[in-house]
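Engineer: next comes the sequence, and after it the predicted model I'd like to discuss.
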Amino acid sequence: MIPILPRLANAFRSSVQLRLTSYFLIILLPLVAVSIFASLRSERILERKVNEQTVVALSSAMEAIDLTMDNLENMSMALATDTNLIELLNLTDPQLTGEMNLDFQKVLVQLSNMKSANSYLTQLSIYHAYSHTVLSSKFGGRRVDELPGQAWYAELMQSRGKSRLLVPKPDEFNSYQKLDQTFQPGYVSLLRMMDPFKPGDRKSVLMITLDAAHLRKHLDTLVDGTDESVYLTTADDRLIVGAGSAGKTLPVWDADGDIVTVKPSAKSGKSEMLVRYRSPSSGWTVVLVKPASSMYAETDQLRTFMYAIIGISVLLTIVISWIVYRGIASPLGSLAYGMKQVRMGRLDTNLPNKREDEFGYLMSAFNDMALEQKNLIENIYEQQLLRLKAELRVLQSQINPHFLYNTLDSIYSMAENYEAEEISEMALNLSKFFRLSLSKGQDEFTVEETIEHLRYYLRVQELRFIDKLSVDIRIDEACKPHPVLKLLLQPIVENAILHGLEQKKKDGVVRIDGRLEAGRLRLAVSDNGKGIPPDRLRYIRDELDRLYAHAGQAWDQELKRKDLYGLWNVKARLKLYYGDSAELTVDSIENEGTTVALWIPIGGAHESDDRGRRASAS
């Protein structure tokens, strides 16, 4: 298998259109590169702008949340240090007493008043550590024994007066505790010790509870679509509330990584953008998660538009290269095709020409050149044809005297031996033979006329060799209408009688066969004479193979011949008249007989003329 690069190199060298298209594409490459660079650059700029705007929005939302939590912080500090409340909670009895109930009622009134003044709060509660009683602005008082043993209480007691945020997990508190919204998931409570600056290990706790939905209002403005989500987490990455499509599970990010992160989504596998902002005061973090496609929506449209422009440009490049090819390379291709046709001998080639530019001039010049070449070749061919015909007539004129000498010799022999009517019959047949041989200047007979002409000669020989010679002629009907050059069979028949049967005492037979075989006419002359020895047969074949169809060469060789005159003459005439497709073969078996076959193309000399013209043109 040919490697791809060499194949492309060969195609590049052999195709003008491919080179033109490649050059145009090379010119187009810098424009495409600049367009792609501009697209990527604008995408980076858009990312930076979107990220900056997102961070600003997150910081604004976080500032509102920080403001809310600061209010809670200030409120808790004011209540925790309220001397009136501290005085009412100073009782240390483990069981409720009438005095304690009166004091707790006063505490509830004050908590309710604070709740009314701050309607966004869910409730305000105080846990009395000695009686394990929770005083709530929402449901009054109730005893809860489990709180002192829980971790958040111990941590609060060790916080040295600092507040603590309680964000309940779904399974962190039992169902009894969850009756109080302070310990329900979805609520945030700010915890602070009452009288925080007075030492002691067992103190009452102020609990200000806020519905997380109040905080979510600040986050809802950050979410534009259903695929976006936002999370609010504590400093220790505990989820407070989420908005949009946020679930209960926080997205994973690198705590020390960049503020903006783009990575595949764990759910859908699509790229998503994660933007974080951490409050410098509270340490809380707001995390916005949105599909990256939403950020790239506008740039994707620009990129699609850019790709469309690049595709149209490539298409225009191909079309323009094709137009240029049609205008420049196509005429060159037509000229190359015409030259190839002329080289193959098709001189009638005429290139269509409707152009008026330089290529039109070249194509007109080529057509004129081809026509002139055709006229020159035809003139040379006609001169050569006249020469061939003249040489044929010379060859034929050589055969007639030779035959006349033999015939007169036969008549002479008959006259010496007999005084009978056979002599007159022989003379009559001889007269008819010569009359047909002249044939009013015709060069061809049909096979039927050739056999009729040959019968006169055979009759003369039968009268000469009485009781020694018989003739058997078998010609297929399909062969009779086909034309053949005259006087082809007579020299061969003469050789069969004189050299094959002359020494035979009796029962000499000459057979003449004619049939169509392998697209050619086959005429064969056979005898049952003495045959030809192998060495002599090989010599005859070698000599006949030396004969070529070129007229001048055949004629020069003919003048130098000292033997095989008849066979050489017949083959020379065949080659001159019919070309290379005609053939003469000699087969013989010593003491059994000889067969000489002529293979003549169907159509006679007319087909030979066309073939000769094509051979000369090529």
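Structural biologist: It's in.
Engineer: spatially, what comes nearest to residue 354 if we skip its sequence neighbours?
Structural biologist: Closest residue to residue 354 apart from its sequence neighbours, by C-beta to C-beta, 6 or more residues apart in numbering: residue 360 at 7.5 Å. Where you see a C-beta, it was placed from the backbone N, CA and C, and this is true even at glycine.
Engineer: and that neighbour, what element?
Structural biologist: helix 358-417 (DSSP states H and E).
Engineer: could you identify the longest helix within this structure?
Structural biologist: Looking across the chain with DSSP state H, the single longest helix is helix 16-80.
Engineer: and the contacts of the helix or strand following that helix?
Structural biologist: The C-terminal neighbour of helix 16-80 among helices and strands, as given by DSSP H and E, is helix 83-88. By C-beta atoms under 8 Å, 6 or more residues apart in numbering, the residues outside helix 83-88 that reach it are 79, 103, 104, 106, 107, 110, 126, 194, 195.
Engineer: could you pull out the buried residues of helix 83-88?
Structural biologist: Residues 85, 86, 88 are the ones in helix 83-88 that count as buried (16 or more other C-beta atoms under 10 Å).
Engineer: residue 208: which of those residues is nearest?
Structural biologist: Ranked by distance to residue 208 (C-beta to C-beta), the buried residues of helix 83-88 are led by residue 85 at 13.2 Å.
Engineer: pLDDT weak spots in the stretch 51-200 of the chain?
Structural biologist: Scanning the stretch 51-200 of the chain for pLDDT under 70 picks out the ranges 200.
Engineer: what ranges does it have for its helices?
Structural biologist: With helices called from DSSP state H, counting those that start in this stretch, the stretch 51-200 of the chain shows them at 83-88, 98-117, 151-157.
Engineer: so which bits of the last one are buried?
Structural biologist: When burial is assessed from 16+ other C-beta under 10 Å, helix 151-157 yields the following buried residues: 152, 153, 156, 157.
Engineer: do the same with the longest one
Structural biologist: Neighbour-count burial for helix 98-117 flags 100, 103, 104, 107, 108, 110, 111, 112, 114, 115 (criterion: 16+ other C-beta under 10 Å).
Engineer: and the protein, what are its domain boundaries?
Structural biologist: Domain segmentation of the chain under automatic domain parsing yields 81-215, 378-617.
Engineer: and of those, who's closest to residue 306?
Structural biologist: Using C-beta to C-beta, the nearest of the domains of the chain to residue 306 is domain 81-215, at 43.5 Å.
Engineer: and that closest one, how far out from the chain middle?
Structural biologist: Relative to the centre of its chain, domain 81-215 is centred 79 Å away, using C-alpha atoms, centre = their mean, to the nearest Å.
Engineer: ends of it, what's the gap?
Structural biologist: Distance between the two ends of domain 81-215: 27 Å, counting by C-alpha to C-alpha, to the nearest Å.
Engineer: do stretch 206-223 as well
Structural biologist: By C-alpha to C-alpha, the extent of stretch 206-223 from end to end equals 35 Å.
Engineer: by mean pLDDT, point me to the weakest helix or strand of the protein.
Structural biologist: Within the chain, confidence by mean pLDDT, DSSP states H and E is lowest for helix 605-617 among all helices and strands, at a mean of 43.
Engineer: follow-up on the earlier one: so which of the helices of the stretch 51-200 of the chain is nearest residue 217?
Structural biologist: Nearest to residue 217, of all the helices of the stretch 51-200 of the chain, is helix 98-117, at 19.1 Å by C-beta to C-beta.
Engineer: run through who's touching that closest one.
Structural biologist: So helix 98-117 is contacted by 75, 79, 82, 84-85, 88-89, 91, 93, 96, 121, 123-126, 128, 131, 133, 135-138, 140-141 (C-beta under 8 Å, 6+ apart).
Engineer: residue 191 - how many residues pack around it?
Structural biologist: 23 (other C-beta atoms under 10 Å).
Engineer: what is it paired to in the beta sheet?
Structural biologist: Going by DSSP bridges, residue 191 is paired in beta bridges with residue 164, residue 207.
Engineer: how about it, what does it touch?
Structural biologist: Applying C-beta under 8 Å, 6+ apart to residue 191 gives the contacts 152, 156, 163, 164, 165, 166, 205, 206, 207.
Engineer: I'd like those as CSV, with distance to residue 475 appended.
Structural biologist: Shown next, in CSV, are the contacts of residue 191 (distance: C-beta to C-beta, whole Å):
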residue, distance to residue 475
152, 132
156, 137
163, 135
164, 133
165, 128
166, 130
205, 140
206, 141
207, 136
